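[1] What follows is a predicted structure for the sequence shown.
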Amino acid sequence: MKRALFKCSQPNRLLNHLLEHFDTESDAILAERLMIGRSTLIHARNGRRGLGPFLILSIHLVTGIGVERIMELGGITMELE
């Protein structure tokens, strides 16, 4: 069985867009709004952790932004391995 591998080339572009969406400058507030841990968001911003399907779905459900747009903003691609 193949599994999906998500690669994110522009996490800061997506996260900065979300900061604007929520009208805040704080990653801590953004993490709270997305219902994720602050460390998860910081690791994603620093490139230590990718933006996987759980986070993409959370962003979609909380903001109403389409999954395709989220993937475009983050430079997210999906490959099957």
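    Looks like it arrived, so ask away.
[2] what about the residue nearest the centre of the chain, distance to residue 71?
    When CA atoms, centre = their mean is applied to the chain, the residue found nearest the centroid is residue 51 (4.8 Å). Distance, residue 51 to residue 71, by CB to CB, to the nearest Å: 9 Å. Any C-beta I mention is one placed from the backbone N, CA and C, and that applies to glycine too.
[3] Direction included, what does the lowest-mean-pLDDT helix or strand in the chain pair up with?
    Sorting the helices and strands of the chain by mean pLDDT, DSSP states H and E puts strand 4-8 at the bottom, at a mean of 85. Next to strand 4-8 in the sheet, as set by DSSP bridges, lie strand 76-80 (antiparallel).
[4] Can you give me the buried ones in the partner strand?
    Residues residue 76 are the ones in strand 76-80 that count as buried (16 or more other CB atoms under 10 Å).
[5] Which residues outside that strand are in contact with it?
    2-9, 14, 51, 56, 70-71 (CB atoms under 8 Å, 6 or more residues apart in numbering).
[6] Any chance of a PyMOL selection covering the buried ones in those residues?
    Of the contacts of strand 76-80, the buried ones go into a single PyMOL selection, burial set by 16+ other CB under 10 Å:
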select buried, resi 6+8+14+51+56+70+71
